[in-house]
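K.L.:
take a look and give me a structure for this.
(4 chains)
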2 protein chains.
Amino acid sequence: MNEQIKLPVTRNGKATFNLIIDTAINVFYERGYHSTTIKDITNAAGIGAGTFYLYFKNKLVLYKYILNRFQHDIRKTIAERVSKVEGRFNKEKEGIKTFIQYAVDNPHSYNIIWESLYIDKQLFIDYYTSFAKRYELGLKQSIDSGEMYDVDTELVSYILMGVSNFIGLKILLDLGNDNKDISQIVDKVMAIIQTGIFK
Amino acid sequence: MNEQIKLPVTRNGKATFNLIIDTAINVFYERGYHSTTIKDITNAAGIGAGTFYLYFKNKLVLYKYILNRFQHDIRKTIAERVSKVEGRFNKEKEGIKTFIQYAVDNPHSYNIIWESLYIDKQLFIDYYTSFAKRYELGLKQSIDSGEMYDVDTELVSYILMGVSNFIGLKILLDLGNDNKDISQIVDKVMAIIQTGIFK
DNA sequence: TATAAATGTGAATACTTTCTCATAACCTGA
DNA sequence: TCAGGTTATGAGAAAGTATTCACATTTATA
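P.N.:
As a prediction, the model looks like this:
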């Protein structure tokens, strides 16, 4: 990776490396990044404190590694699902649905991404600006194909991210009194958005 | 307030009490809650470390006090501005505009409210569920007056909070390349939302 | 199986932070 | 002006944490 992370070589080393990561994801989720100590992680993983430093320079390096993994995974998941659907409207809908479903299936990811705003603001900014840029590409295609009004794509990308994130947040924190039928919720959301954006 | 906070009595005491709060708002904004030490606050305020404990039991108590103040202030500001506008659509628009304008005028408030998710999750949940409840009241009036389709008010309240929050976030973090004419941005946002929600 | 590299340990050190407390200065009103 | 409450201080006790390191064990492979 870089001089901050020492990748393991042997089978056992790889198992320990992955154990640290999987354990940290859970501990960060439960205690939050700042309240988590290295001891918290190594104790939960059942390894010695020094073993942590065999692979990671410090807690922040481990956090960044995890954040990066979730970023790639969530994008890959969305891209795959969206590519299997035809039509711009259906693609937008599938994108939002997959995003929310991913957040529900991986509640840890959602927390870790948002927490970046309070760990290293630039990480957060990079994440959302690049997510928005990717979003705009699809929106521009929708406009070109005549399925969407000629809207400000940057603004709309933030509107759609805001909607997805808050619906995801609502479901995750169990705010209000929903059932958790993602598909049904997303249908309602899209119906509300549709006429405002799509011809 | 309660046994966690000792309110000052004299003129000098009140000045110190307010100085601690105003300083903490800035230091929390700059360093984040978890990275801020009591010394950071007292040094920045130019007072002795012990003076802090004269008024606040600990850092969390001070944080909750500040959060509570912002919550009341932002709601009061929105309610006042909304009450001066006629028509449901205009009221919704004024509400969103005031929210975003408040976030721009008080960037500290925005940070402090969001950070609650990583300090005491219940604070965050309480804030947004009660904000949503209040929102729903207005939406129900819009439906009753025939200015809005018969939408799921709870869902729409989260959609509108998501939109406001992300547009606010975009402006605050200076994501993308906007000018900062709030009024103009909100006009565009409402135009996008309008036809989807309002008859 | 011999050897070097990789992996693993947890006590110990150095550092940081919270919070208390003895002490003192300052109001204020009787 | 003097007593009692209020405010202010900062050193230091107590608790916690990151990181190192000498040493031990395991593993790959020649």
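K.L.:
going forward, measure contacts and count neighbours with C-alpha atoms only.
P.N.:
Noted.
K.L.:
count the neighbours of the residue of chain A at minimum distance from DNA strand C for me.
P.N.:
Closest contact between chain A and DNA strand C, by Cα to the nearest atom of the strand, is at A:G50 (3.0 Å). Look at A:G50: counted by other Cα atoms under 10 Å in any protein chain shown, it has 11 neighbours.
K.L.:
try A:I21
P.N.:
By the measure other Cα under 10 Å, the count of residues near A:I21 is 18.
K.L.:
doesn't it fall inside a helix?
P.N.:
Yes: inclusion of A:I21 in a helix is indicated when DSSP: H, G, I helix; E, B strand; the rest coil is applied.
K.L.:
helix/strand/coil for the residue of chain A closest to DNA strand C?
P.N.:
helix.
K.L.:
return the residues of chain A in contact with DNA strand C.
P.N.:
Contact residues, chain A versus DNA strand C (Cα under 7 Å from any atom of the strand): A:7-17, A:46-51, A:54.
K.L.:
so among the residues you listed, which ones count as buried?
P.N.:
The neighbour count (16 or more other Cα atoms under 10 Å in any protein chain shown) marks A:16-17 as buried among the residues of chain A next to DNA strand C.
K.L.:
which of the residues of chain A next to DNA strand C fall in strands?
P.N.:
With strands taken from DSSP state E, there is no overlap with the residues of chain A next to DNA strand C.
K.L.:
so how far is A:I41 from the residue of chain A closest to DNA strand C?
P.N.:
In this structure, A:G50 and A:I41 are separated by 12 Å, where distance is defined by Cα to Cα, to the nearest Å.
K.L.:
what does A:T23 give?
P.N.:
Using Cα to Cα, we find A:T23 at a distance of 6 Å from A:I41.
K.L.:
again, but for A:A79
P.N.:
33 Å.
K.L.:
can you give me the end-to-end span of stretch A:27-43?
P.N.:
Its start and end residues considered, stretch A:27-43 measures 11 Å (Cα to Cα).
K.L.:
any buried residues in that stretch, and which?
P.N.:
Neighbour-count burial for stretch A:27-43, counted by 16+ other Cα under 10 Å, picks out A:27-29, A:32-34, A:36-38, A:40-42.
K.L.:
got JSON lines for those residues, with secondary structure, pLDDT and distance to B:Y149 too?
P.N.:
Formatted as JSON lines, the entries for the buried residues of stretch A:27-43 read as follows, by DSSP: H, G, I helix; E, B strand; the rest coil; pLDDT from 0 to 100; distance: Cα to Cα, whole Å:
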{"residue": "A:V27", "secondary structure": "helix", "pLDDT": "97", "distance to B:Y149": "44"}
{"residue": "A:F28", "secondary structure": "helix", "pLDDT": "97", "distance to B:Y149": "42"}
{"residue": "A:Y29", "secondary structure": "helix", "pLDDT": "95", "distance to B:Y149": "39"}
{"residue": "A:G32", "secondary structure": "coil", "pLDDT": "96", "distance to B:Y149": "41"}
{"residue": "A:Y33", "secondary structure": "coil", "pLDDT": "98", "distance to B:Y149": "43"}
{"residue": "A:H34", "secondary structure": "coil", "pLDDT": "97", "distance to B:Y149": "45"}
{"residue": "A:T36", "secondary structure": "coil", "pLDDT": "98", "distance to B:Y149": "47"}
{"residue": "A:T37", "secondary structure": "coil", "pLDDT": "98", "distance to B:Y149": "51"}
{"residue": "A:I38", "secondary structure": "helix", "pLDDT": "98", "distance to B:Y149": "53"}
{"residue": "A:D40", "secondary structure": "helix", "pLDDT": "98", "distance to B:Y149": "51"}
{"residue": "A:I41", "secondary structure": "helix", "pLDDT": "98", "distance to B:Y149": "51"}
{"residue": "A:T42", "secondary structure": "helix", "pLDDT": "98", "distance to B:Y149": "54"}
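K.L.:
what residues does stretch A:105-116 touch?
P.N.:
A:25-26, A:28-29, A:33, A:67, A:70, A:103, A:123-124, A:172, B:118 (Cα atoms under 8 Å, 6 or more residues apart in numbering or on different chains).
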